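Asker: Here is a sequence together with a model predicted from it:
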Amino acid sequence: MNEVNVNFEEIVAMVKTELSKNKMHVENYDLNVLIAGSTGVGKSTLINTVFGKKVALTGQGAPITQQITKYSLENGLSIYDTKGLEMKDFEATKGEIESFLSENKAKSADEQIHIAWLCLSEDSRRLQDGEKELYQMLKAYGIPTIVVITKAQRDKDPSSGEKFSDFIKNELGLKESEFERVRALESEDDEGVIKKIMGVDLLINKTFETLPEAKSLAFARQQEYDKEMRELACERLRQKAREEAQTITHSYAGIAAGIAASPLPFSDIALLLPTQVGMILHIAKAYELEMNAESAKKLIIALGAVAGTGFAVRAALGTALKFIPGAGSLAGGMINGTVAAATTEMMGQTFIAYLDDNFSNLSEAIKNIGAEALKKYANA
């Protein structure tokens, strides 16, 4: 039997185009958080405490409008900061924010704002018209919103006896799940008494409960304040990725069986390659990985070496791959549906086992993938 050469980059490009057209179905765990509040209300401190990121909400982000800035952080977390809620600025800002919210509503669900925190400073003891209008605007556009009273020190006014929290709840018509008093940083009063962080855990829990499942898991993974919640979310995400990847593998194995329902001569093995490449890219997507042509090529070569495919795969000149039949592995030089399904399933299961075992550092795992790394997973 003769060797078979194929142009791998052309196949990857074709597969990616088809997957894009078909909107490959995998859960998306990107998270978009809108944080709004007047200057000095403590937004950066809150973000840093919850997400463990040293984010200064000034000068580092990408301007969306004059008053809205986007900060893109790791692992699909984006924070949108709104400014200009003070009355002297708000009329000029209002139209910009409303246009942004209108455009946001027209986007796909994964690109929309998933949760908003409207921050009000307790030491101001007041609710500005701009803050009230923004809250009503967020609700009108269907954005889940939690009002966060920041710099919480003294809820009850010493003169009137009225609680600031009750005033805000009444003014905005808030349920308990839509409100939290927070002190995101330890502080010391005039008598030297240390006031510890408070309310952050409750805000995190309320945010988690407010979001739909995929986004609540994304939030739980992204926040770093509650370590136990983060670990549980990461384990649940690992399970969901594995389950989704298993379904993907079975589906592509069935497609491969159909392609080879009438036995294929070895010279037609390239007919199976788009299916197997599609499976690999689809599995990678389930694990929130993007693979370029070079990474996919490296993986195909490695899987050809360890997954019992009945042929060896080698890099050829330029962008080509060379498929070399294994001695005695393909009776009569033909590939039937059973062989096609079994080899495709084995390739998928090997890749899944490798990703599952390296879930805590997937980006590094992809860099180090090769036949030697995959060997112990071939029969997992």
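Answerer: Good, I have the coordinates. Numbers count the residues shown, from 1 in each chain.
Asker: In the stretch 201-350 of the chain, mark out all the strands, start to finish.
Answerer: 264-265, 311-315, 320-325, 334-335 (DSSP state E, counting those that start in this stretch).
Asker: just for the protein, where's the confidence low?
Answerer: Scanning the chain for pLDDT under 70 picks out 1-8, 19-25, 54-66, 84-89, 189-190, 263-270, 307-335, 380.
Asker: Helices of that one, start to end?
Answerer: 8-21, 43-51, 87-106, 129-140, 164-172, 200-210, 213-222, 227-259, 273-286, 293-306, 337-357, 362-367, 371-374 (DSSP state H).
Asker: Which among those is found nearest to L34?
Answerer: Evaluated with CB to CB, those place helix 129-140 nearest to L34, the distance being 7.7 Å. Quick note: C-beta positions are derived from backbone N, CA and C, even for glycine.
Asker: State the distance from the residue of the chain positioned farthest from its centre to K367.
Answerer: Distance to the chain centre peaks in the chain at S159, reaching 48.1 Å (criterion: CA atoms, centre = their mean). From S159 over to K367 the distance is 63 Å, taken as CB to CB, to the nearest Å.
Asker: and what of M14?
Answerer: For M14 relative to K367 (CB to CB), the value is 25 Å.
Asker: what do you get for I204?
Answerer: Where K367 is concerned, I204 sits at a distance of 33 Å (CB to CB).
Asker: and what of T350?
Answerer: 18 Å.
Asker: Among the two, which residue is more densely surrounded?
Answerer: Set T350 next to K367 and count neighbours by other CB atoms under 10 Å: T350 wins out with 24 against 11.
Asker: State the distance from the more buried one to K375.
Answerer: 9 Å.
Asker: so what sits against both of the two?
Answerer: Here T350 and K375 have V306 as joint contacts, going by CB atoms under 8 Å, 6 or more residues apart in numbering.
Asker: Touching, L303 and L374? I think so.
Answerer: Yes. With contact defined as CB atoms under 8 Å, L303 counts as touching L374 (6.8 Å).
Asker: Who has more neighbours out of the two?
Answerer: Higher neighbour count among L303 and L374: L303, with 25 against 21, using other CB under 10 Å.
Asker: And the more buried one, how close does it get to F208?
Answerer: Using CB to CB, one gets 38 Å for the distance from L303 to F208.
Asker: For R242, grab the count of nearby residues.
Answerer: The burial count for R242: 18, using other CB under 10 Å.
Asker: who are the neighbours in contact with it?
Answerer: Neighbours of R242 in contact, by CB under 8 Å, 6+ apart: 352, 356.
Asker: unless I'm mixing things up, I259 is touching Q276, no?
Answerer: No. With contact defined as CB under 8 Å, I259 does not reach Q276; the gap is 10.3 Å.
Asker: correct me, but G199 touches L185?
Answerer: No. Contact between G199 and L185 fails when scored by CB under 8 Å: they sit 11.7 Å apart.
Asker: quick revisit: which one's more surrounded, I259 and Q276?
Answerer: Q276 (26 against 19).
Asker: roughly how far apart are the more buried one and T343?
Answerer: Taking CB to CB, one finds Q276 at 8 Å from T343.
Asker: who touches both of these two?
Answerer: Joint contacts of Q276 and T343 (CB under 8 Å, 6+ apart) are A256.
Asker: any idea how far the closest residue to S216 other than its chain neighbours lies from I143?
Answerer: Counting by CB to CB, 6 or more residues apart in numbering, F208 is the residue found nearest to S216 once chain neighbours are left out, at 4.9 Å. F208 sits 17 Å away from I143, going by CB to CB.
Asker: just P274 next, same as before
Answerer: For P274 relative to I143 (CB to CB), the value is 41 Å.
Asker: Likewise for G76?
Answerer: Counting by CB to CB, the gap from G76 to I143 is 18 Å.
Asker: cool, A253 as well?
Answerer: Distance of A253 to I143, computed by CB to CB: 42 Å.
Asker: so E18 makes contact with G278?
Answerer: Yes. Between E18 and G278 there is a contact under CB under 8 Å: 7.2 Å.
Asker: Looking only at neighbour counts, state which of the two leads.
Answerer: Using other CB under 10 Å as the criterion, E18 and G278 rank with G278 on top: 23 against 12.
Asker: In contact with the nearest residue to the more buried one once chain neighbours are set aside, which residues?
Answerer: Of all residues not flanking G278 in the chain, V15 sits nearest, at 4.7 Å (CB to CB, 6+ apart). By CB under 8 Å, 6+ apart, V15 lies in contact with 274, 277-278, 281.
Asker: give me that answer again for 10 Å
Answerer: 273-282, 293, 296 (CB atoms under 10 Å, 6 or more residues apart in numbering).
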